[in-house]
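Asks: the amino acid sequence is not available; the structure is as follows:
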């Protein structure tokens with residue numbers, strides 16, 4: 001029996017009604033302790049126990065993409081470990097890679113609280129965090145220290161955002177300043193221009209604005225670190241096609257599809273308990289199940305437009321092996337989870353990995369890479 005799903009989650013979500021952000025902070029604090037004291041008891045015992053319970057190793061799930069080895073395709077999405085304080089723990093929880101951040105050049109408190117809400121009826125979350133983080137310099141110092149003490153067994157990405165105090169016309173320099181501090185400490189980097197919670201940020205998805213950012217980053221990127229752009233699900237197809245063109249022009253490693261949505265249609269939640277307002281009256285982005293179909297549509301569109309030549313990291317509404325398989329066969333080489341992991345608990349990653357292995361056997365495929373874009377290929381004929 002899954003103790004988290006049947007005992008812990010109902011207690012925290014329904015009876016105690018724990019504040020979402022407080023719970024996330026307590027969790028990351030505990031993970032930080034496990035990461036920073038990983039080689040010393042009792043943390044070393046806990047880490048070993050986590051590995052045995054939550055990890056699943058199988059060569060059929062491995063992939064080598066953009067020069068990095070991924071032991072499995074399921075990663076932790078940006079937003080959970082904003083400051084990189086638990087970078088050493090994520091492999092012990094079964095993840096094949098993890099993305100830190102979003103981090104900005106200037107430290108910033110984010111938007112006023114409350115700013116993170118669960119929508120259980122929709123298996124969703126609404127957040128308007130606003131890139132709260134301690135800044136790129138603080139993350140760089142932390143990761144540099146951890147790099148000396150620990151050996152990373154999975155790729156670690158860093159998600160870069162624009163500082164709120166930086167005007168839009170200076171955005172490219174802001175991203176560059178963060179990248180300069182962190183470029184030797186991450187395995188790949190993500191240009192986040194799609195969060196709905198920083199004023200004007202999504203306008204940076206415009207081809208001219210985004211090209212200025214990518215131009216500066218690639219000039220600085222002398223060691224050819226893989227760089228991705230993370231896009232919004234609410235873009236029109238023409239705008240996505242423009243970003244695909246930029247990805248080719250600036251030789252990006254790939255595209256992450258997608259960030260949270262500002263749409264509210266189809267939600268079952270009528271009132272958010274903490275505020276007494278409806279989701280329609282609250283600012284912020286929606287993640288989780290309501291995002292699932294749209295993010296898959298975007299993945300499928302990118303794969304079709306590029307014939308699978310640009311790697312895609314799929315994120316949005318993944319709760320089960322079926323959800324993961326849908327994203328991968330639509331065209332995602334890798335997938336990321338966050339909201340689903342909160343709802344389903346720590347055993348979710350292992351369940352998804354086992355489910356993917358079952359799907360490979362059902363479809364008589366030898367490796368997970370053979371499944372990428374499979375359904376999209378079939379639909380194209």
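Replies: Looks like it came in fine. In this text the structure is predicted, and so the values were computed from the model without any measurement.

Asks: I'd like the average pLDDT over the host helix or strand of residue 27.
Replies: Element membership of residue 27 [criterion: DSSP states H and E] is helix 20-36. Helix 20-36 shows a mean pLDDT of 91.

Asks: which residues in the stretch 51-200 of the chain form helices?
Replies: 136-149, 171-182 (DSSP state H, counting those that start in this stretch).

Asks: contacts for the shortest one, please.
Replies: Okay, so that is helix 171-182. 103-106, 136-137, 139-140, 143, 158, 160, 162-163, 166, 189, 191, 204, 209, 212-213, 215-217, 220-221 (Cβ atoms under 8 Å, 6 or more residues apart in numbering). The way it works is simple: take the backbone N, C-alpha and C, and place the C-beta from them, glycine included.

Asks: weed out the non-buried ones from those residues.
Replies: 103-106, 136-137, 139-140, 143, 158, 160, 162-163, 166, 189, 191, 204, 209, 212-213, 216-217, 221 (16 or more other Cβ atoms under 10 Å).

Asks: and residue 337, backbone torsions?
Replies: Main-chain torsions, residue 337, degrees, to the nearest 10: phi -130, psi 150.

Asks: spatially nearest residue to it (excluding sequence neighbours)?
Replies: Spatial nearest neighbour of residue 337, excluding adjacent residues (Cβ to Cβ, 6 or more residues apart in numbering): residue 318 at 5.0 Å.

Asks: list the contacts of the residue nearest the centre of the chain.
Replies: The chain has residue 77 as the residue nearest its centroid, 1.9 Å off, counting by Cα atoms, centre = their mean. Residue 77 makes contact with 99, 315, 336, 337, 338, according to Cβ under 8 Å, 6+ apart.

Asks: ok, 6 Å please
Replies: Residue 77 is in contact with 315, 336, 338, counting by Cβ atoms under 6 Å, 6 or more residues apart in numbering.

Asks: residue 335 versus that one, what's the distance?
Replies: 9 Å (Cβ to Cβ, to the nearest Å).

Asks: residue 96 now?
Replies: Residue 96 is 9 Å from residue 335, by Cβ to Cβ.

Asks: same check on residue 372?
Replies: 11 Å.

Asks: looking at the two now, which is surrounded by more residues?
Replies: Set residue 372 next to residue 335 and count neighbours by other Cβ atoms under 10 Å: residue 335 wins out with 26 against 23.

Asks: can you tell me the element that one falls in?
Replies: strand 334-337.

Asks: ok so, going back, so who does the residue nearest to residue 337 touch?
Replies: Contacts of residue 318 by Cβ under 6 Å, 6+ apart are 324, 335, 337, 340.

Asks: stretch 254-271: end-to-end distance?
Replies: End-to-end distance for stretch 254-271: 38 Å, by Cα to Cα, to the nearest Å.

Asks: nothing else from me, thank you.
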